[in-house]
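Novice: Have a look; sequence and predicted model below, questions after that.
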Amino acid sequence: MSQTTSQILDAAEKGRLRLLMHGSIIGVIGLVSGFGFLFVILDAINVWPFFNIAVEGGFPGSDRGWRVAHVAGVMNGMLMIIGGLALVHVLPTLRAQAWIVWGLVYTGWGNTIFFHCANLSNNRGLSGGVTKYGEADFLGTIGYIIGASTIPFTITALVLVALSARRLLRTG
């Protein structure tokens with residue numbers, strides 16, 4: 001079946017909006033994760049001047065883990081938003097658009113789950129087995145499986161954006 005320019009544009013517009021929506025939500029989760037970074041550093045849930053609640057035994061996670069969840073969340077949200085903005089300019093085929101959109105949506109949510117599970121796990125979610133950081137636990141294993149599974153989707157989505165841009169460069 002031949003794809004019309006109108007079909008490709010309509011799909012690109014819907015894909016753009018879908019990526020803007022999911023990317024914005026992921027970005028907000030990343031921003032809110034910054035509070036975890038603050039709370040673990042202070043060992044308290046402190047939002048001056050409203051409240052300061054000491055956390056006995058410390059706030060869960062590590063300063064490194066919360067910092068990564070914060071920064072990675074914002075960066076993944078931005079990747080999705082930029083992917084959405086690029087989609088309407090490079091006009092991939094309908095099939096390529098589906099891979100780009102859903103690949104980046106999976107990337108954003110998968111990485112969000114990974115970074116939060118990794119922060120609360122024994123071994124930073126880097127393996128389903130023992131690492132130099134410790135033995136695997138449930139959160140570490142879930143984080144690893146989901147995080148590692150995003151890699152081919154992210155690479156495929158970005159390669160398809162690049163190939164679509166290359167196609168446009170050659171034709172016009």
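Specialist: Cool, got the structure. Numbering: from 1, shown residues only.
Novice: From here on, just use CA atoms for contacts and neighbour counts.
Specialist: Noted.
Novice: Mind telling me which residue is nearest the centre of the chain?
Specialist: Geometric centre of the chain, nearest residue: residue 108, 2.6 Å, by C-alpha atoms, centre = their mean.
Novice: Can you classify that one as helix, strand or coil?
Specialist: Under DSSP: H, G, I helix; E, B strand; the rest coil, residue 108 falls in the helix class.
Novice: Okay, it and residue 15: tell me how far apart.
Specialist: Distance, residue 108 to residue 15, using C-alpha to C-alpha, to the nearest Å: 15 Å.
Novice: what pLDDT does the residue nearest to the centre of the chain get?
Specialist: Residue 108 carries a pLDDT value of 98.
Novice: now residue 4
Specialist: Predicted confidence (pLDDT) for residue 4: 88.
Novice: That one and residue 10, how far apart?
Specialist: For residue 4, the distance to residue 10 equals 10 Å [C-alpha to C-alpha].
Novice: Do you have the helices of this structure handy? List them.
Specialist: Here the chain has its helices, by DSSP state H, at 5-42, 63-90, 94-119, 138-171.
Novice: now stretch 41-60: mean pLDDT?
Specialist: 88.
Novice: Mind listing what's buried along it?
Specialist: Neighbour-count burial for stretch 41-60 flags 41-46, 59-60 (criterion: 16 or more other C-alpha atoms under 10 Å).
Novice: on that earlier part again, which of residue 4 and residue 10 has more neighbours?
Specialist: residue 10 (14 against 11; other C-alpha atoms under 10 Å).
Novice: Now do that one, the pLDDT please.
Specialist: pLDDT at residue 10 comes out at 91.
Novice: and it, how far is that from residue 125?
Specialist: As judged by C-alpha to C-alpha, residue 10 and residue 125 stand 39 Å apart.
Novice: same question, residue 25
Specialist: For residue 25, the distance to residue 125 (C-alpha to C-alpha) stands at 23 Å.
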